[in-house]
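[1] What follows is a predicted structure for the sequence shown.
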Amino acid sequence: LLGTRITAGSTSMRAFHEPLRAAGLEARRRLVGAAARRWGVDPAECRVGDGVIRHRGRALGFGSVAEAAADE
């Protein structure tokens with residue numbers, strides 16, 4: 001019914017690197033956008049590291065803006 005479903009070491013990375021990278025970049029863009037909207041700032045002014053979005057002394061974890069990011 002579902003056909004063959006396998007992962008084969010480095011073949012999986014070659015096949016899925018770009019789609020997963022694109023998905024990660026989109027998720028990051030949405031999370032930063034949600035934090036920037038909450039603060040009323042330009043997303044380009046925000047920095048991201050270790051699962052935290054920062055802007056001039058303020059910080060929000062990804063979980064704090066995940067729902068708003070999902071609605072985008």
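    Arrived safely, thanks for sending.
[2] tell me what the longest helix seen in the chain is packed against?
    Ranked by number of residues, the top helix in the chain under DSSP state H is helix 10-39. Contact here means 3 or more C-beta pairs under 8 Å, 6 or more residues apart in numbering; DSSP states H and E; on that basis helix 10-39 packs against strand 47-49, strand 52-55, strand 58-61, helix 62-70. C-beta coordinates here come from the backbone N, C-alpha and C atoms, glycine included.
[3] looking at these, which is buried most?
    With neighbours taken as mean count of other C-beta atoms under 10 Å, the helices and strands packed on helix 10-39 reach their highest mean count in strand 52-55, at a mean of 18.
[4] what's the offset of that strand from the middle of its chain?
    From the chain centre to the centre of strand 52-55 is a distance of 13 Å (C-alpha atoms, centre = their mean, to the nearest Å).
[5] Equivalent analysis for stretch 63-72, please.
    10 Å.
[6] of all the helices and strands packed on helix 10-39, which lies closest to residue 41?
    Of all those, the one in closest proximity to residue 41, counting by C-beta to C-beta, is strand 52-55 (5.7 Å).
[7] Pairing partners for that closest one, with directions?
    According to DSSP bridges, strand 52-55 forms sheet pairs with strand 47-49 (antiparallel), strand 58-61 (antiparallel).
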